[in-house]
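>>> pasting the sequence and the predicted model now:
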Amino acid sequence: MPLRQQAICIRTTDYSETSQVLRFLTRDSGILSLLAKGSKRPKSKSGGALDLLSEGQIVFSQSASGAMGTLFEFAETVSHLGLRADAGRLDTALYMIEFVGLLLGESDPHPEAFDLLHNALGRLGDADAPVAAVLAYFQWRMLRHAGLLGQLSSCVECDVSIAGGPSGGGVFFSSARGGLLCASCGCSVDEKTGVTAATVSGLAGLQAARGRTGVSLCDDEIRGVNRLLSYHASYQLGKRMRMARYVIK
């Protein structure tokens, strides 16, 4: 029996001259890979080949044997024309879907992650959207949702508070150790990156807000948070995300 769900297209692959393999983040079933037969024909039920970031309702079936399912129909419900018209916003959106696609597993429902991506893409389409701030909030929330955020207010080794920012020899972050390191503890750790006072302050601001929107951070705080969280995500994934070079400044 065909199923209907809200979905965001996070990856497209040509399968034949007329068909595609599409990877969707769905709200109720998580990430699904579906074969869209004939989707590249102008008169298909999707209205032609689907692009990355296409968002709408899909009608599909799943294989009982675990093989790839089939997409029967796609009806767009959200247009992302605003973010597609600007290279910086589009690159950030592509980074977000790459982030989600690598962080989450197949067929594992994550409605909170779907809502987060949906809302972030919608905000990026607003003309007044602070793009870097939207990205910082998105990365922070996604890593927290996945249980990978780490210890960001005190040293993960000795538990000394680092809320006030670097002092003495500075502050570090180790993805392998799972959090911030004071100057003393950081000296003996090989995998680490330096953390500025602005970054520590930005992390504290996000932590204090507990994921609520409307967090006010300065440019240096936002830039530092984005760099650190992208570094952390890349280490956990075992590779740097392809779009990071265009987005993380």
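Sure, I can see it.

>>> from Ser216, how far off is Met241?
27 Å (CB to CB, to the nearest Å). C-beta here means a position set from N, CA and C on the backbone, and glycine is covered the same way.

>>> can you show me the strands along the chain?
Chain-ordered strands for the chain, with DSSP state E as the definition, fall at 3-14, 20-26, 30-36, 55-61, 69-78, 171-174, 179-181, 193-195.

>>> what sits up against the second one?
Translated: strand 20-26. For strand 20-26, the surrounding residues in contact (CB atoms under 8 Å, 6 or more residues apart in numbering) are 5-15, 31-36, 39-40, 49-50, 58, 68, 71, 97, 100-101, 104, 110, 113-114, 117.

>>> strands paired with it, and their directions?
Partner strands and pairing direction for strand 20-26 (DSSP bridges) are strand 3-14 (antiparallel), strand 30-36 (antiparallel).

>>> give me whichever of those strands is most buried.
Ranked by mean neighbour count, those are led by strand 30-36 with a mean of 21 (mean count of other CB atoms under 10 Å).

>>> thinking again about what came up before, is it possible to export the strands of the chain to JSON lines including mean pLDDT and distance to Tyr235?
Listed next are these as JSON lines, based on pLDDT from 0 to 100; distance: least, CB to CB, whole Å:
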{"stretch": "strand 3-14", "mean pLDDT": "95", "distance to Tyr235": "22"}
{"stretch": "strand 20-26", "mean pLDDT": "96", "distance to Tyr235": "23"}
{"stretch": "strand 30-36", "mean pLDDT": "94", "distance to Tyr235": "22"}
{"stretch": "strand 55-61", "mean pLDDT": "95", "distance to Tyr235": "30"}
{"stretch": "strand 69-78", "mean pLDDT": "92", "distance to Tyr235": "32"}
{"stretch": "strand 171-174", "mean pLDDT": "95", "distance to Tyr235": "9"}
{"stretch": "strand 179-181", "mean pLDDT": "95", "distance to Tyr235": "13"}
{"stretch": "strand 193-195", "mean pLDDT": "94", "distance to Tyr235": "9"}
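
>>> redo those as TSV? Include distance to Arg84.
Below are the strands of the chain laid out as TSV (distance: least, CB to CB, whole Å):
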stretch	distance to Arg84
strand 3-14	13
strand 20-26	18
strand 30-36	21
strand 55-61	12
strand 69-78	12
strand 171-174	34
strand 179-181	37
strand 193-195	33
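
>>> which of the ones you listed sits closest to Leu229?
strand 171-174 (9.7 Å; CB to CB).

>>> output the contacting helices and strands for the closest one.
strand 179-181, helix 183-186, strand 193-195, helix 219-237 (3 or more CB pairs under 8 Å, 6 or more residues apart in numbering; DSSP states H and E).

>>> can you give the domain ranges for this structure?
Structurally, the chain divides into domains by automatic domain parsing as follows: 3-129, 146-247.

>>> of all those domains, which lies closest to Tyr137?
domain 146-247 (6.7 Å).

>>> mind checking the end-to-end distance for the closest one?
22 Å (CA to CA, to the nearest Å).

>>> before we move on, what about stretch 104-116?
13 Å.

>>> what's the spacing between that stretch and its chain's center?
Taking CA atoms, centre = their mean, to the nearest Å, one finds stretch 104-116 lying 11 Å from the centre of the chain it belongs to.

>>> how about stretch 97-110?
Worked out by CA atoms, centre = their mean, stretch 97-110 lies 9 Å from the chain centre.

>>> what lies in contact with that stretch?
Outside stretch 97-110, the residues touching it (CB under 8 Å, 6+ apart) are 8, 10-11, 23, 25, 27-33, 52-53, 113, 117, 138-139, 142, 145-146, 233, 237, 241-243.
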